[in-house]
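In: Build me a model from this:
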Amino acid sequence: MNSSMGKNEIGSSSEFEENLSILREINFFSKLPLEMLKVLAYLCTRENYKAGDYLFRQNDDDGQAFYIISGVASLLRGDGGQGVVIQEFAANAFLGGLSLLGNSQRLFSLQARTDMTCLILTRQKFDKTMEKFPGIVPRVLQALVDSISSWEKIFLTKVGKAVIPAGRRLGSVFFRLAHDEAQEHIIQTQKQSGRAQFV
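Out: Reported below is the predicted structural model:
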């Protein structure tokens with residue numbers, strides 16, 4: 001074994017350990033057994049993006065989940081490159097977990113605002129791993145329910161009762177877009193009652 005081979009093996013082992021550590025911290029994977037997480041950590045890849053690159057585009061079905069290791073990305077909604085920035089995501093953000101579970105078009109685009117490094121897992125690799133661990137589906141679904149519930153609680157804490165009119169049309173899973181619609185509803189209600197207060 002030559003010294004460069006030894007360094008590569010050490011680097012791979014270190015990256016594997018980092019990947020495993022990352023996956024263990026993500027709520028989406030929190031109910032999975034360690035053996036399955038080890039397989040997923042091995043199958044993950046790391047990709048670098050330059051500022052301005054798109055990680056994914058609205059209406060794509062790329063079947064990938066992203067964990068941002070470093071850098072900042074903008075979540076955009078809109079057509080023809082004229083997207084409105086909905087939110088910014090930085091290191092430690094996990095996006096696209098639902099795309100691992102089945103075919104689904106992206107509702108948004110994600111564009112690197114700075115140079116970025118991401119840990120990526122594909123639907124194909126996730127599916128193959130799930131096949132090796134029969135009976136794990138209920139755990140995955142419970143982790144998904146826990147994640148959605150946590151997200152909804154955070155969202156409702158941020159926007160409070162103002163989201164209810166918009167929420168009726170969206171169903172139980174809210175998007176940040178509902179906040180803008182709720183704000184507009186508050187402004188319109190205040191204008192109609194003669195108490196216009198702009199937030």
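
In: And the residue nearest the centre of this protein?
Out: residue 95 (1.3 Å; CA atoms, centre = their mean).

In: Verify the stated contact: that one with residue 65.
Out: Yes - using CB atoms under 8 Å, residue 95 makes contact with residue 65 at a distance of 6.9 Å. C-beta here means a position set from N, CA and C on the backbone, and glycine is covered the same way.

In: residues contacting residue 34?
Out: If a contact means CB atoms under 8 Å, 6 or more residues apart in numbering, then residue 34 has no contacts.

In: if we go to 10 Å?
Out: By CB atoms under 10 Å, 6 or more residues apart in numbering, residue 34 lies in contact with 20, 23-24.

In: Got a ChimeraX select line for the buried ones in the residues you listed?
Out: A single ChimeraX command is used to select the members of the contacts of residue 34 judged buried by 16 or more other CB atoms under 10 Å:
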select :20,23
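
In: any idea which of the contacts of residue 34 is closest to residue 113?
Out: Set against residue 113, the nearest of these by CB to CB is residue 23 (24.8 Å).

In: Okay, and that closest one sits in which element?
Out: If you go by DSSP states H and E, residue 23 is part of helix 3-25.

In: which secondary element of the chain has the worst mean pLDDT?
Out: One helix or strand of the chain scores below all others by mean pLDDT, DSSP states H and E: helix 176-192, with a mean of 48.

In: picking up where we left off before, quick check: mean pLDDT of the helix holding residue 23?
Out: Mean per-residue pLDDT for helix 3-25: 73.

In: next one: stretch 136-150
Out: Mean pLDDT, stretch 136-150: 81.

In: So which bits of that stretch are buried?
Out: 136, 139-140, 143-144, 147-148.

In: Now intersect those with the helices, please.
Out: Within the buried residues of stretch 136-150, residues falling in helices by DSSP state H are 139-140, 143-144, 147-148.

In: picking that back up, which neighbours do residue 95 and residue 65 share?
Out: residue 118.

In: Would you mind measuring from the closest residue to residue 124 other than its chain neighbours to residue 69?
Out: Leaving aside its chain neighbours, residue 124 sits nearest to residue 63 (6.7 Å; criterion: CB to CB, 6 or more residues apart in numbering). Distance, residue 63 to residue 69, using CB to CB, to the nearest Å: 20 Å.

In: Settle it for me: which of the two has more neighbours?
Out: The residue with more neighbours, out of residue 63 and residue 69, is residue 63; 20 against 17, by other CB atoms under 10 Å.

In: for the more buried one, what are its contacts?
Out: Counting by CB under 10 Å, 6+ apart, residue 63 makes contact with 56, 96, 99-104, 121-127.
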